[in-house]
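S.K.: I'd like to go over a predicted model; first the sequence, then the structure.
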Amino acid sequence: MLTPQEVVLGLILPEGIFEWFEIVGSSKDEKYLKIILEEKNIPPITDEYKDKKIVPKGFTEITITDFPLRGRRTLITFKRRYWQIEGEDKYLKRDIKIGFPGTQLEKEFAIFLKEDGGRGTILANFYRQVSTDIT
């Protein structure tokens, strides 16, 4: 069951995000809204590995840009988990599509900008302005 906060954030964040991630941090300043999501510790175990011990090994981080909110560039950092099968060199990780292929943009945002086709819409111009201010 989602909390009221998760319901509201579910309208802002990529669809289905709370199935695999939970919010572990956020911050905002004059230019940025940053949201940090951590993948839940649910290893993607197949029948082949169901009787083996799976050990958490850490995270990799992926940061993508989403639609600007309230005049701020929105950055979402996904802390992706990976696990190791004890006694083997193989690592497991869940195949969750986060960004649009070839970009560091959220899928729906990338499609919006592509469809914009370089036209001078207010949102596209705003994004181009804030994206040049990366620090």
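M.R.: Received it, and whenever you're ready, just let me know what you need.
S.K.: Would you point out the helix or strand in the protein whose mean pLDDT is lowest?
M.R.: When the helices and strands of the chain are compared on mean pLDDT, DSSP states H and E, helix 122-131 comes out lowest with a mean of 57.
S.K.: Just give the nearest non-adjacent residue to the spatially most central residue of the chain, would you?
M.R.: Nearest residue to the geometric centre of the chain (Cα atoms, centre = their mean): Phe78, 4.3 Å. Spatial nearest neighbour of Phe78, excluding adjacent residues (Cβ to Cβ, 6 or more residues apart in numbering): Ile62 at 4.8 Å. To be clear about C-beta, it is placed using only N, CA and C from the backbone, and glycine gets the same treatment.
S.K.: tell me the mean pLDDT for the helix or strand hosting that neighbour?
M.R.: Assigned by DSSP states H and E, Ile62 belongs to strand 54-69. For strand 54-69, mean pLDDT is 86.
S.K.: buried sites along it?
M.R.: Ile54, Ile64, Thr65, Asp66, Pro68 (16 or more other Cβ atoms under 10 Å).
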